[in-house]
Structure formats: structure tokens, C-alpha cells
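Engineer: Predicted model and sequence follow; I will ask about them next.
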Amino acid sequence: MPPSMFSGSLSAPSVNVTIDTGNPFLNQTVDGFLKIGTVAATRAVAEDTFTAIKRGKLSQECLEHALKRMCKEGAYWGSVAGVYVGMEYGVGRIRGSRDWKNAMIGGALTGALVSAVGNNNKDRIVTDALTGGAIAAASVFLNNLT
């Protein structure tokens, strides 16, 4: 197995971090986890900061709650993003093409998996799979417009 590598750059307004695990599938999955997990953690901190300012108090309990929520939200949404990116990449490798169908299938599989983990009934799992596939396909179509 080749050695792992980490590199990064910072330029406004984007941050690019590359982690080379030696496996393209893992590279894509980790990249999705880190990017979306960071966004979710930042969102949680912003919401908790607003709530603390609105209440007019900042305590150690408030900070601990914010830190726990930041970690929880970052890990959850990062995991969902990692699963989606991994599914899309895997479907692309299996199908041998890179198109909107990979996103749709990856989104549907991710929606179903996340819903099933949440102990939802069969109808809800199917609905979440359809929603995930539709959102992923729409995202690709919108990205291709520009």
C-alpha cells in the first residue's frame, strides 16, 4: 500500500484539502466527509452562538452543549456525504461511465441507507430513496447549466 499524504491550501473564498490514501474510492469518500462535515459543524456553532447571544448568557454548560452538537452534526452529515460520494463513485466504476445516472443511483442508495438506519418503515425508506435520487440528479443538472 502506498504511503498516505496530506496537503492543503487556503485561498479566499475556498479551502482545498487533499488526502491521498492511495485508493481513489477512499479519497473521494474522505473528501466528502471532511467538506460537508465541516459545513455542518460550522452551521451548528453559528446557531448555538446566535442562541447564546439572544439569551444574553454564555456559560460553560452552553459551550459544552455547542461543542457536543458541533461534533454530532459534523459527524452525521459528514458520514452521509461520505456515503453518497462513495456510492456515486462506486456506481460510476461499476457502470464504466460518469453521468447523472451515477448521482441518481448514489443518492437513492444513500437515502435508503440513511432512512433504514433510522428505523423507518418501508414506505418511508422508499420515499427517502426517491428523494435522495431526485436531489442528487437535480444537483448534477444544475451544475451542468453553468
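Structural biologist: Structure received. Residues are numbered from 1 along each chain as shown.
Engineer: residues making contact with stretch 43-59?
Structural biologist: Here stretch 43-59 makes contact (Cβ atoms under 8 Å, 6 or more residues apart in numbering) with 62, 65-66, 69-70, 72-74. For every residue, glycine as well, the C-beta is placed using N, CA and C.
Engineer: low-confidence ranges in the protein?
Structural biologist: For the chain, the stretches with pLDDT under 70 are 1-4, 6-15, 146.
Engineer: For residue 85, give me its contacts.
Structural biologist: So residue 85 contacts 28-29, 31-33, 106 (Cβ under 8 Å, 6+ apart).
Engineer: top of the residues you listed by neighbour count?
Structural biologist: The most crowded member of the contacts of residue 85, judged by other Cβ atoms under 10 Å, is residue 106 (24 neighbours).
Engineer: so that residue sits in a helix?
Structural biologist: Yes: with DSSP: H, G, I helix; E, B strand; the rest coil as the criterion, residue 106 is located in a helix.
Engineer: My guess is it contacts residue 91. True?
Structural biologist: Yes: Residue 106 lies in contact with residue 91 (Cβ atoms under 8 Å); the separation is 5.4 Å.
Engineer: so who does residue 110 touch?
Structural biologist: Under the criterion of Cβ under 8 Å, 6+ apart, the neighbours of residue 110 are 80, 83-84, 87, 132, 136.
Engineer: From residue 104, how far out is the residue lying farthest from the centre of the chain?
Structural biologist: Residue farthest from the centre of the chain, counting by Cα atoms, centre = their mean, is residue 56 at 32.7 Å. Distance, residue 56 to residue 104, by Cβ to Cβ, to the nearest Å: 47 Å.
Engineer: Pop the domain breakdown of the protein in here.
Structural biologist: 18-57, 59-96, 97-145 (the TED database).
Engineer: Look at residue 17 and give its secondary structure.
Structural biologist: Per three-state DSSP, the secondary structure class of residue 17 is strand.
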